[in-house]
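Engineer: Give me a 3D structure for the following:
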Amino acid sequence: MINDVLISQVRTLSVAERIELIRVVWETLSPSEVPVSTEEKVLLDARLADMEQNPDDQSPWSEVQARLKQQLP
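Structural biologist: Next up is the predicted model:
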């Protein structure tokens, strides 16, 4: 279980810092450690099929990331 001191420290971080922390923690996980439900698999397959059928409707990750960063305070 995560201790209360750690949670208190996380709460003092800015939104941008907490998001960065989430990214760093997420990257420590391997695909086999992340449970994916059947419903999520169906959704991911549908999105992949859409991406393959409509490649011009997609944005590169760098553009998506830039748009998201602009929304941060």
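
Engineer: what about the most centrally placed residue in the chain, distance to Ala16?
Structural biologist: Central residue of the chain (C-alpha atoms, centre = their mean): Arg23, 6.9 Å from the mean position. According to C-beta to C-beta, to the nearest Å, Arg23 and Ala16 sit 11 Å apart. In short, each C-beta sits where N, CA and C put it, glycine included.

Engineer: cool, and Pro31?
Structural biologist: 27 Å.

Engineer: Which one's more surrounded, the two?
Structural biologist: Ranked by neighbour count (other C-beta atoms under 10 Å), Pro31 and Ala16 place Ala16 first, with 11 against 6.

Engineer: Next up, phi/psi of the closest residue to the more buried one other than its chain neighbours, please.
Structural biologist: If the residues on either side of it in the chain are set aside, Ala16 comes closest to Leu72, at 5.3 Å by C-beta to C-beta, 6 or more residues apart in numbering. Here is the backbone geometry of Leu72 (degrees, to the nearest 10): phi -70, psi 150.

Engineer: now swap in Glu20 and tell me
Structural biologist: Dihedral angles for Glu20 - degrees, to the nearest 10 - are phi -60, psi -40.

Engineer: And the one 10 residues further on, by the same measure?
Structural biologist: Ser30 adopts backbone torsions of phi -90, psi 160, taken as degrees, to the nearest 10.

Engineer: when you give positions from now on, start the count at 45
Structural biologist: Happy to do that; since the first residue is 45 now, the last one works out to Ser74.

Engineer: How about residues contacting the longest helix seen in the chain?
Structural biologist: Counting by DSSP state H, the longest helix found in the chain is helix 82-97. Applying C-beta atoms under 8 Å, 6 or more residues apart in numbering, the external contacts of helix 82-97 come out as 80, 101-102.
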